[in-house]
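Asker: The sequence and its predicted three-dimensional model are supplied below.
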Amino acid sequence: MATLIDIYGNPLRREVLSEPQSERAHVAHLRREFADHPSRNLTPLKLSRILETAEHGNLRGQSELFMDMEERDAHLFAEVSKRKRVLAAIPWRIEPPRNASRGEKKDVAWLTEAVTGLEGWEELLLDLADGIGHGFAAVELEWARSGPEWLVRTFKHFPQTGFLLPHDNQDELRLRTLQSPTGEALLPFGWLLHRPKARSGYVARTGLFRVLAWPYLFKHYATRDLAELLEIYGLPIRLGKYPPGTAAAEKTSLLRAVTELGHSAAGIIPEGMTIEFQKAAEGSEAPFLAMMRQCDDTISKAVLGGTLTSQTSESGGGAMALGNVHNEVRQDLKAADARQLAGTLSRDLLWPLLVLNRAGYDDPRRAPRLIFDTRDPAEVAQTARNIQVAVQLNIDVPLEWAREQLGIPAPQGGEAVIGGGVAEPNPVQGTAVLAAQIGLTATPFPDQVAVDALVDALPDERLQQQAEQLLAPLLEALHQGGDEAQLLEHLSKALPGLHNDELQEALERMFFALDVWARLHAEHERGIA
């Protein structure tokens, strides 16, 4: 059997299909490590050292800090969660390569069925989206046989703390091992490695949390100081006085009484000692809240591109209009995240499934691609209107292109379609078919066609013939008399092929054409005179 290779040309080691790489003895310790929580007692100097250490290849401290940030800051978690979870709600499809053969189209159908049947798809997207903050996210694939086919049984998210960057290549992620300081290369077909770029640079510096670390630190300081202010704000200062020559034990008793008096509002002191209450120093929480709000706004701008999708303005006005503008910016971020995620899934999931189960795949350029449809529904509606106008103007619109733009798949032979019909095995491709499917006729502007026909008829008797053809049954029905119901009955018998609405529309068009013809005919007569 031919050697299987990944999308980069690396040969497949078949043991990865039977045992995940992370479960082997020399790397199994990574799953038993406990976090050091570097956010504890975080200072500007400590933060700088953590970030610099990551740039030299040791990602553990930075990754643990990023986990703490998301866990301890509710606002940061909410904003990042919005950006990650929106990806799971985007519809997706798998597209064949250009000029796909029949076999390639069948492979795409098989891939679609295989991916749709995977368990934990939404959880997988959420785990991969974790790379937006960290700069990368790794999910290990656990393969299993299903009859003659190799399919993914489970997806296991692997923490970023288990990876490092070798000194000779700071853009290559490797597993940390006990045997080698440079780590172990990831095995082909064993990992989904998502590396989205919030900013350009090496993998240690591309994560969004690098930008959020400093606002998080400053907000942490403001929150701590506000808590200290609230602890003493409004409580009077208590001073204990003792006479000269007081023993140390009595001084200690006085200090304990002064301390406990603030909480218990009761206490005892030796005779001869006094406690005085001084007015507490005046303070305000406003500076601390302003600092916290500024940090939250900075976090929202960095994560979602704006602030008004998260909160309203302080004045309470204008939030809806500005929020819609900010949401458009968020749509751009969503589209960018989806494109990068689709590339990872196409490379690390679709390609292994094809290579392991379908024959003839040795060129990654002919591999199918997973596509997320990130278009706004309003954009699709506008595209449909543009196609409608193009058809009315008699502009040739490729049917396959129109289906792609509208997200409407071609009906298969024998498949029921809207309108109660059944799709033909080989439907006619063209503008007329598209027009019929969206409720239009292939004739552009019927009124204009009627007027052109009348103008061409000047000054012969074609107009009279056309009018008599339509008006004769109407005049006959009027001649028979009767009420409105009888008149409609006569018309339905005289014109069995037309409904009431169609008859009314035909009469209106005819009278319109007659009016235009009369005006043109009058001008024609004046020109002869």
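Answerer: That came in fine, so what should we check first? Numbering: from 1, shown residues only.
Asker: only C-alpha atoms for contact and neighbour calcs from this point on.
Answerer: OK.
Asker: neighbours of Arg385, just the number please.
Answerer: For Arg385, the neighbour count with other Cα atoms under 10 Å is 12.
Asker: Looks to me like it is in a helix.
Answerer: Yes: counting by DSSP: H, G, I helix; E, B strand; the rest coil, Arg385 is located in a helix.
Asker: now it: how far from Glu400?
Answerer: As for Arg385, its distance to Glu400 is 17 Å (criterion: Cα to Cα, to the nearest Å).
Asker: what about Arg40, neighbour count?
Answerer: For Arg40, the count of nearby residues is 9 (other Cα under 10 Å).
Asker: Give the residue spans of the stretch 1-150 of the chain that score low on pLDDT.
Answerer: Residue ranges of the stretch 1-150 of the chain with pLDDT under 70: 1-15, 25-26, 28.
Asker: Is Phe163 bridged to anything, and to what?
Answerer: Leu175 (DSSP bridges).
Asker: can you count the residues close to it?
Answerer: 23.
Asker: Please parse the chain into its domains.
Answerer: Domain segmentation of the chain under automatic domain parsing yields 35-208+329-371, 235-282, 375-437, 446-528.
Asker: out of those, nearest to Ser22?
Answerer: Nearest to Ser22 among these is domain 35-208+329-371 (8.0 Å), distances taken as Cα to Cα.
Asker: quick one on the thing from earlier: possible to save the domains of the chain as CSV with distance to Ser18?
Answerer: Shown next, in CSV, are the domains of the chain (distance: least, Cα to Cα, whole Å):
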stretch, distance to Ser18
domain 35-208+329-371, 7
domain 235-282, 64
domain 375-437, 38
domain 446-528, 68
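Asker: Of those domains, which stretch is the most buried?
Answerer: Comparing the domains of the chain by mean neighbour count (mean count of other Cα atoms under 10 Å), domain 35-208+329-371 comes out on top with a mean of 18.
Asker: Endpoints of that domain, how far apart?
Answerer: Using Cα to Cα, the end-to-end distance of domain 35-208+329-371 comes to 37 Å.
Asker: what's near enough to touch Arg153?
Answerer: Leu118, Glu119, Leu141, Glu142, Trp143, Ala144 (Cα atoms under 8 Å, 6 or more residues apart in numbering).
Asker: isn't the fifth one right next to Leu151, touching?
Answerer: Yes: the pair formed by Trp143 and Leu151 meets the contact definition of Cα atoms under 8 Å, at 5.7 Å.
Asker: which secondary element of this protein has the worst mean pLDDT?
Answerer: Using mean pLDDT, DSSP states H and E, helix 431-437 stands out as the lowest-scoring helix or strand of the chain, at a mean of 47.
Asker: Check which helix or strand Phe512 maps to.
Answerer: Using DSSP states H and E, the element containing Phe512 is helix 500-528.
Asker: any idea of the mean pLDDT in that helix?
Answerer: The average pLDDT within helix 500-528 is 65.
Asker: Do you have the strands of the stretch 51-200 of the chain handy? List them.
Answerer: Using DSSP state E, counting those that start in this stretch, the strands of the stretch 51-200 of the chain run over 92-95, 137-146, 149-158, 163-164, 174-175, 191-194.
Asker: secondary structure class for Leu370?
Answerer: Three-state assignment for Leu370 (three-state DSSP): strand.
Asker: for Ala335, same thing?
Answerer: Classification of Ala335 by three-state DSSP places it in helix.
Asker: Leaving out sequence neighbours, find the closest residue to it.
Answerer: The shortest distance from Ala335 to any non-neighbouring residue, by Cα to Cα, 6 or more residues apart in numbering, is to Thr374 (5.6 Å).
Asker: any idea how far that neighbour is from Gly131?
Answerer: As judged by Cα to Cα, Thr374 and Gly131 stand 19 Å apart.
Asker: just Leu370 next, same as before
Answerer: In terms of Cα to Cα, Leu370 sits 19 Å off from Gly131.
Asker: try Leu118
Answerer: Counting by Cα to Cα - Leu118 and Gly131 are separated by 21 Å.
Asker: next one: Asp73
Answerer: Per Cα to Cα, Asp73 is found 18 Å from Gly131.
Asker: contacting residues around Arg83?
Answerer: Counting by Cα under 8 Å, 6+ apart, the residues that Arg83 touches are Val303, Leu304, Lys334.
Asker: Spit out the contact partners of the last one.
Answerer: Spelled out, it's Lys334. Taking Cα under 8 Å, 6+ apart, one finds Arg83, Val86, Leu87, Thr374 in contact with Lys334.
Asker: again, but for the second one
Answerer: By Cα under 8 Å, 6+ apart, the residues touching Leu304 are Glu79, Arg83, Val329, Arg330, Leu333.
Asker: Return the per-residue confidence for Thr161.
Answerer: With respect to pLDDT, Thr161 scores 92.
Asker: from memory it sits against Leu59, does it?
Answerer: Yes: between Thr161 and Leu59 there is a contact under Cα under 8 Å: 6.4 Å.
Asker: could you show me where the helices are in the stretch 1-150 of the chain, in order?
Answerer: For the stretch 1-150 of the chain, helices defined by DSSP state H, counting those that start in this stretch occupy the ranges 15-18, 44-55, 60-72, 74-85, 102-116, 121-129, 131-134.
Asker: Include distance to Leu356 when you put those helices into a markdown table, please.
Answerer: Listed next are the helices of the stretch 1-150 of the chain as a markdown table, based on distance: least, Cα to Cα, whole Å:
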| stretch | distance to Leu356 |
| --- | --- |
| helix 15-18 | 10 |
| helix 44-55 | 36 |
| helix 60-72 | 34 |
| helix 74-85 | 30 |
| helix 102-116 | 12 |
| helix 121-129 | 20 |
| helix 131-134 | 27 |
